[in-house]
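Participant: Here's my sequence, what's the structure:
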Amino acid sequence: MANIKIAIVDDHQIVRDGIKILLEDEPGFDIVFEAESGDKAVELSEEHEPDLIIMDITMPIMNGIEATQAIKEKSPDIKVLALTMLTEDQHIRKMIKAGASGYILKSSGKEELIKAINSIINGKHYFSDDATQTILHQLVEPTVSKSTEPKDANITDRELEVLKLIVNEFTNQEIADQLFVSVRTVDSHRRNLLQKTGAKNTAGLVKYALNNNLFES
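Facilitator: I've put the predicted structure just below:
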C-alpha cells in the first residue's frame, strides 16, 4: 500500500515542525508540503495532490475555512483535518460545512492525531471529544421537532456515547463492539435519539443538522 500523502498548513513554523516530527516517526506517512497560509495551501494542493491536509483555521490572507472550501471545490477527493485551538461551535460548524472530515484540538496527543488521520483516510469522520461535546450541546435543542408538544430532549449519557460514535460514522456493529452491548441495543438507542432530537437521519445526524442550518442560533 502506498504511503499516505500529508500536507501541513499552519501559520506558525513551530507548530508545523512539531506535527512533522510526530508524523515522520510513524510509518506510512509522507509529508508532501507545508504552507503558512490558506492561499498557499490552495496553490500547493494543485501541484502535490495530498491525500489529507492538516489545516489550521486562524491564518493570514486566507483562513482555514476559506482554504478548505477552495481546495474541496477543485479537488473533492482531498481530505481535510482541522487542527486548531478554537472550540466555538461556529468554527466547528463552518469548517465542516466547508468540507472538513475531522476536527481536533492542538492539545490532542500524537495518538489521537494518528487515529484521526487513519479514520478520515478510511472514509470516516473524526471529531475530538471537546469538539463532539460542543456539537452535541448545540444539537439537542435545535433538532427538536417543531410541534405544540415538544419532544423530550433529555438525552442520556449512554445515548450521548452512541451519538458520538454515530458522528464518527461507526456502524451499528462497531458501536456495539465499542460499548460492549448488542446490536439490538444500539438500534434502540438510535430510535430514541431520532425521537428525542427530531432528526431524520441517524447515520448522518450531525451532517443533517449542519446542512439544514440547524445549529444556527
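Participant: ok, E46 - how many residues close by?
Facilitator: 11 (other CB atoms under 10 Å). Yep, even glycine has a C-beta here, placed from its N, CA and C like the rest.
Participant: Kindly apply the preceding question to D25 instead.
Facilitator: D25: 10 neighbours (other CB under 10 Å).
Participant: Same check on the one 4 residues further on?
Facilitator: As a burial measure, the neighbour count of F29 was computed by other CB under 10 Å and equals 19.
Participant: Next, the contact list for it, please.
Facilitator: F29 makes contacts with 3-4, 6, 23, 117, as judged by CB atoms under 8 Å, 6 or more residues apart in numbering.
Participant: what's the weakest-modelled helix or strand in the chain?
Facilitator: helix 205-211 (a mean of 56; mean pLDDT, DSSP states H and E).
Participant: just the contacts of F29 now: which is nearest H12?
Facilitator: L23 (16.4 Å; CB to CB).
Participant: Helices along the chain, start to end?
Facilitator: Secondary structure of the chain (DSSP state H): helices at 13-24, 38-48, 64-74, 89-98, 110-121, 129-140, 157-167, 172-179, 183-197, 205-211.
Participant: tell me the domain ranges of this structure?
Facilitator: The record's domain parsing of the chain by the TED database lists 4-140, 157-212.
Participant: for the longest one, the distance to its chain's centre please.
Facilitator: This points to domain 4-140. 9 Å (CA atoms, centre = their mean, to the nearest Å).
Participant: mean pLDDT lowest for which of the domains of the chain?
Facilitator: Looking at those, the lowest mean pLDDT belongs to domain 157-212 (a mean of 76).
Participant: mind listing what the residue nearest the centre of the chain touches?
Facilitator: Nearest residue to the geometric centre of the chain (CA atoms, centre = their mean): G102, 2.3 Å. Residues near G102 by CB under 8 Å, 6+ apart: 79-82, 116, 119-120, 125-127.
Participant: okay, now the residue nearest to it when sequence neighbours are not counted: neighbour count?
Facilitator: Leaving aside its sequence neighbours, G102 sits nearest to Y126 (CB to CB, 6 or more residues apart in numbering; 3.9 Å). If you count neighbours by other CB under 10 Å, Y126 ends up with 23.
Participant: same deal with the one 5 residues further on?
Facilitator: For A131, the neighbour count with other CB under 10 Å is 25.
Participant: How about it, nearest residue that isn't a chain neighbour?
Facilitator: Using CB to CB, 6+ apart, the closest residue to A131 is Y103 (4.5 Å).
Participant: Quick check: that neighbour vs T87, distance?
Facilitator: 9 Å (CB to CB, to the nearest Å).
Participant: Looking at those two, which has the bigger crowd around it?
Facilitator: A side-by-side neighbour count of Y103 and T87, using other CB under 10 Å, places Y103 first with 29 against 15.
Participant: Pretty sure the more buried one sits against S128.
Facilitator: Yes - look at Y103 against S128 with CB atoms under 8 Å: they come within range, at 6.7 Å.
Participant: Lovely, talk soon.
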